[in-house]
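Undergrad: quick one, structure for this:
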Amino acid sequence: MSLTKIFDVAGSGMAAQSLRLNTVASNLANADSVAGTPAAAYRAREPLFAAIRRQFGDASGEADAAAADGASGVQVLGMTESQAPVKAQYEPGNPMADANGYVYASNVNPVDELVNMISASRSYQSDVEVMNTTKQLMLKTLTLGD
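TA: Residues are numbered from 1 along each chain as shown. You can find the predicted model right below:
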């Protein structure tokens, strides 16, 4: 693997963690939202990632499309929604309340979201350090003959 491919790998990791941070921000922004039905209540979202590994061919001689072009890194497969139940709150004066006086709060757990935020931030910082170290190695290589 050439050193320039390391930038692609670290860059895809940074893009993935940036998406994760944006998702955490969206979840926290909607943590206190309510809806008139359980189906309309906001559900916590989380991105689903997969590793793309550069392959030279497996035992059957086949490789997936991303690996066939020599790509490595992180791929975003999609977003998942939490299946945790939403909370019913009795608020008969709320204009969004149903006929029984209940509103339905989101199932976002702020503590879990803060843990995700810290984890994503540290992963992003690690990818930045990989890029900086690779840059320093490339610059040092240029000065070897001096």
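
Undergrad: got a list of what Leu28 touches?
TA: 108, 110, 113 (CB atoms under 8 Å, 6 or more residues apart in numbering). In short, each C-beta sits where N, CA and C put it, glycine included.

Undergrad: run the last query once more with 10 Å
TA: 44, 108, 110, 113-114, 116-117 (CB atoms under 10 Å, 6 or more residues apart in numbering).

Undergrad: wait, a helix at it?
TA: Yes: per DSSP: H, G, I helix; E, B strand; the rest coil, Leu28 lies within a helix segment.

Undergrad: start at 27 instead
TA: Noted, 27 is the first residue going forward, which turns the last one into Leu54.

Undergrad: how close does it sit to Pro136?
TA: The gap separating Leu54 from Pro136 is 6 Å, by CB to CB, to the nearest Å.

Undergrad: center of the chain, which residue is that?
TA: What sits nearest the mean C-alpha location of the chain, by CA atoms, centre = their mean, is Arg46, with 2.8 Å.

Undergrad: just the pLDDT at that residue, thanks.
TA: The model reports Arg46 with a pLDDT of 97.

Undergrad: kind regards, and thank you for your time.
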